[in-house]
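S.K.: test case, fold it:
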Amino acid sequence: MDLLPEPFRSILAFVVVLGILVFVHELGHYLAARWRGIHVERFSVGFGRAIAAWTDRNGTAWQIGWIPLGGYVKMHGMETTPGEEPAEGEAVTWREGETFHGKPVLDRAIVVAAGPIANFVLAAVLFALLFMTMGRPIQNVISHVVPGSAAEQGGLAVGDRI
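M.R.: A predicted model of the protein is given here:
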């Protein structure tokens with residue numbers, strides 16, 4: 001990283017961290033949608049024209065966009081609901097039972113909440129890993145006891161560990 005000047009290192013670090021956060025957030029939505037039986041049409045990290053794109057065996061188009069400031073998961077049936085007329089020139093092929101709006105409210109709530117929950121779990125895991133590798137237990141040692149205080153009357157002395 002020392003090859004890059006400081007402003008570029010900061011920008012690169014920002015893009016990498018933001019990309020990880022966006023990926024984990026959108027992955028939460030994606031996994032919850034798959035769990036609740038909703039077809040996911042597109043999973044994108046980044047916006048704009050795709051730098052890389054592929055389609056998996058479930059029919060989900062995955063892409064990495066060239067503007068790394070967000071992402072999205074497009075679930076089947078989010079653009080219109082069954083029974084609505086599609087926009088002019090738009091052909092909609094419904095996959096009955098796999099649309100976002102066709103699912104019960106609880107299923108939709110799970111999918112919507114899964115993104116922030118995934119970020120919360122990521123934070124908890126990262127903090128746990130950080131503590132396990134770099135942290136050390138805090139040792140509280142008494143350095144001063146005020147004469148006549150409740151601590152002195154209780155028998156606490158300088159050097160005692162709490």
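
S.K.: and the helices in this protein?
M.R.: Assigned by DSSP state H, the helices in the chain fall at 6-35, 105-134, 150-153.

S.K.: buried deepest among those helices, which one?
M.R.: Of all the helices of the chain, helix 6-35 carries the top mean neighbour count, a mean of 16, counting by mean count of other Cβ atoms under 10 Å. Where you see a C-beta, it was placed from the backbone N, CA and C, and this is true even at glycine.

S.K.: just list the residues touching the residue nearest the centre of the chain, thanks.
M.R.: Central residue of the chain (Cα atoms, centre = their mean): His25, 2.7 Å from the mean position. Counting by Cβ atoms under 8 Å, 6 or more residues apart in numbering, His25 makes contact with Gly71, Gly115, Pro116, Ala118, Asn119.

S.K.: spatially, what comes nearest to it if we skip its sequence neighbours?
M.R.: Gly115 (4.4 Å; Cβ to Cβ, 6 or more residues apart in numbering).

S.K.: how close does Gly70 get to Val22?
M.R.: Distance check for Gly70 against Val22: by Cβ to Cβ, to the nearest Å, it reads 6 Å.
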